[in-house]
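Undergrad: Quick one, what's the 3D model for this:
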Amino acid sequence: DVDKPSKGSEQDPLGGLEKSHADLLVVLENLESSTKRIERARREWTDALDAVRDPIFVHDHEFRIVRANRAYAERAGLSFQEMIGRPYWEAFPKGGGPLPGCVSVRNGVMEKTEEEITLKTGETFQSRSFAVHDARGFYQHSIHILEDITERRLAEEALAESEAKLRTISESAQDAILMIDDRGKISFWNKTAETMFGYARDEALNKDMAELIVPARLREAHNKGLAAFQRTGQGAVIGKILELPALRRDGSEFVAEHSISAVKLKGKWHAIGIARDVTPRKQAEEALRTSEARLRLQIERMPIANIVWDTEFRIVSWNPAAEKVFGFSAAEALGKHPYDLIVPKEAQPHVASLWQRLLQGDETAHSINENLIKDGRHILCEWTNTPLTREDGAVVGVLSMAQDVTKRQRAEAALARTNRALTALSACNTTLVHATDETRLLEDICKIIVERGGYRMAWVGYAERDARKTVRPMAQAGHDAGYLESLNIVWDD
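TA: Prediction:
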């Protein structure tokens, strides 16, 4: 009978109380231990989340932040106290509402989603959203992991751009570009190869190159060379530029200039060939002569001074625009050294340094410097210089283009002065609005005029109502060197 006191309790009521007390202590100790374990687990879980470099946050049914890791707080620029309870789009990533995938997870349409978001800064994040439900299957909250994939996307874009450039280059190349594999089968065939040999890409790929474009009388030698190439990657034509007969689809032969190189792919030798039909070379040379004539005409008519110098720094070409800029005719200028004509003495060391750089092939040796014109006046010219070189890289002269930028430079300098003054004025106005102390105001304004306005010194003085009508300096900034002490200014001046 549970309602009947036990015999022991009747005999020793205090003993029962002590046992209950002991049991209670055990429960409390177990509770305290469990609490510590829970707290330790919470800290470990928090530390683990904070160790993740990707921003992670948890939001409730109303999309309010209930928990976030350190990386998320840093991206949001908010403390944990400032974030908790906010709609997450007010923290990070900024927006006008929840992400579409996030809504789908919240509404039970999907258990998880992935979507990319691009910030105004250009950064790209991949957002992964996971729904968390209780034991009864009801939605509790969502976990968001935001992975910064900006560099990955940039790398993918760079790779795609590189591949597109390669395709564009190969397709726009004026030479036929083809590649054969280790069996002598064609594995690459560009658009110019289609035109040159008469076979479309689909017709050429995986075909034996010798059967397609090598004249019949040369195929035996070609196949022997191919066998040796397959073993060693070497051959009589590898690494050389040779003129060899080639065969068109219609059976006609033509001479092509071939440049053939070897490349090893997956342990096997492949060959890349660049072929140029030399038949139209004469037409190209004639076109070149026509082009050179047009270029000369353009140089004669261009509005920019165009001057060519030999390696002794003597003028060998002087167009009409140069005559207009400097006043000297071509007859007066040809054969002359610029020091005797258009470079003032004070600019000669600078020009000499530029000339040495140009003789060494420096294509960046440009300058803005003073020049003389025929009437003795000084002007400011912008010079763009290009070393003229032979195929072996030796400099044979220099092409210079010059523009008179005197007016432009003066206008730019005036604009810069105006901008500095406006910047200083704006800063002074801001300081005036927030000023609370007159002396500090005057000192700040002087400092702004010097630091932002670009003036060497600024000072403010008050007119005194004394007999001498003196001006008492109140604040100053910038270079002083005893200047104010030496002044004896009166406001009656």
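Undergrad: To what extent is Thr436 buried, counted in neighbours?
TA: Other residues near Thr436 number 6, with proximity taken as other C-beta atoms under 10 Å. (Glycine included, C-beta is placed from N, CA and C.)
Undergrad: tell me which element it is part of?
TA: Following DSSP states H and E, one finds Thr436 outside all helices and strands.
Undergrad: Make 870 the starting number, not 1.
TA: Sure, I'll start counting at 870 from here, so that last one is Thr1305.
Undergrad: Could you report the pLDDT at it?
TA: For Thr1305, the pLDDT comes out at 86.
Undergrad: ok, now how distant is it from Asp1313?
TA: Going from Thr1305 to Asp1313 by C-beta to C-beta, to the nearest Å gives 11 Å.
Undergrad: Can you mark which positions in whichever strand or helix holds Asp916 are buried?
TA: Per DSSP H and E: Asp916 is located in helix 882-920. Buried residues in helix 882-920, counting neighbours by 16 or more other C-beta atoms under 10 Å, are found at Leu918.
Undergrad: which strands and helices sit next to it?
TA: Contact here means 3 or more C-beta pairs under 8 Å, 6 or more residues apart in numbering; DSSP states H and E; on that basis helix 882-920 packs against helix 876-880, helix 939-945.
Undergrad: And these, which one averages the lowest pLDDT?
TA: Of all the helices and strands packed on helix 882-920, mean pLDDT reaches its minimum on helix 876-880 (a mean of 50).
Undergrad: Report the buried residues of stretch 1045-1059.
TA: Counting neighbours by 16+ other C-beta under 10 Å, the buried set in stretch 1045-1059 is 1045-1051, 1053, 1055-1059.
Undergrad: residues contacting the residue nearest the centre of the chain?
TA: Centroid check for the chain by C-alpha atoms, centre = their mean gives Leu1023 as the closest residue, at 10.5 Å. Counting by C-beta atoms under 8 Å, 6 or more residues apart in numbering, Leu1023 makes contact with nothing.
Undergrad: where do the strands sit along the stretch 1070-1219 of the chain?
TA: 1110-1116, 1122-1134, 1137-1146, 1174-1178, 1184-1187 (DSSP state E, counting those that start in this stretch).
Undergrad: Please enumerate the helices of the stretch 920-1069 of the chain.
TA: 939-945, 949-952, 969-975, 1019-1041, 1060-1066 (DSSP state H, counting those that start in this stretch).
Undergrad: would you turn those helices into a markdown table with distance to Thr1292?
TA: Putting the helices of the stretch 920-1069 of the chain into a markdown table (distance: least, C-beta to C-beta, whole Å) gives the following:
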| stretch | distance to Thr1292 |
| --- | --- |
| helix 939-945 | 33 |
| helix 949-952 | 35 |
| helix 969-975 | 45 |
| helix 1019-1041 | 34 |
| helix 1060-1066 | 56 |
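Undergrad: what's the closest of these to Pro1084?
TA: Pro1084 lies closest, by C-beta to C-beta, to one member of those: helix 1060-1066, at 12.4 Å.
Undergrad: can you give me the helices in the stretch 1170-1319 of the chain?
TA: Under DSSP H, counting those that start in this stretch, the stretch 1170-1319 of the chain gives helices at 1189-1195, 1199-1202, 1217-1228, 1275-1303, 1307-1320.
Undergrad: Figure out which of the strands of the stretch 1070-1219 of the chain is closest to Leu1095.
TA: Across the strands of the stretch 1070-1219 of the chain, closest to Leu1095 is strand 1137-1146 (C-beta to C-beta), at 8.5 Å.
Undergrad: can you tell me which helix or strand Val1340 belongs to?
TA: strand 1340-1347.
Undergrad: name the helices or strands packed onto that strand?
TA: Looks like strand 1340-1347 contacts helix 1307-1320, strand 1326-1332 (3+ C-beta pairs under 8 Å, 6+ apart).
Undergrad: Buried residues, the shortest one. List them.
TA: The reference is to strand 1326-1332. Here strand 1326-1332 shows Ala1327, Trp1328, Val1329, Gly1330 as buried, counting by 16+ other C-beta under 10 Å.
Undergrad: and if you look at the longest one?
TA: Of the residues in helix 1307-1320, those with enough neighbours to count as buried (16+ other C-beta under 10 Å) are Leu1310, Leu1311, Glu1312, Asp1313, Ile1314, Cys1315, Lys1316, Ile1317, Ile1318, Val1319.
Undergrad: tell me the contacts of the fifth one?
TA: When contacts are counted by C-beta under 8 Å, 6+ apart, Ile1314 is found next to Cys1297, Thr1300, Leu1301, Ala1327, Val1329, Ala1344.
Undergrad: what are the bridge partners for the last one, then?
TA: Just to be clear, that refers to Ala1344. Counting by DSSP bridges, Ala1344 is bridged to Val1329.
Undergrad: number of nearby residues for it?
TA: Ala1344: 18 neighbours (other C-beta under 10 Å).
Undergrad: so what's it up against?
TA: Contacts of Ala1344 (C-beta under 8 Å, 6+ apart): Thr1308, Leu1311, Glu1312, Ile1314, Cys1315, Trp1328, Val1329.
Undergrad: right, so of the helices and strands packed on strand 1340-1347, which gets closest to Leu1087?
TA: Closest among the helices and strands packed on strand 1340-1347, using C-beta to C-beta: helix 1307-1320, at 79.8 Å.
Undergrad: Counting neighbours, what do you get for Tyr1068?
TA: So Tyr1068, with other C-beta under 10 Å, has 19 neighbours.
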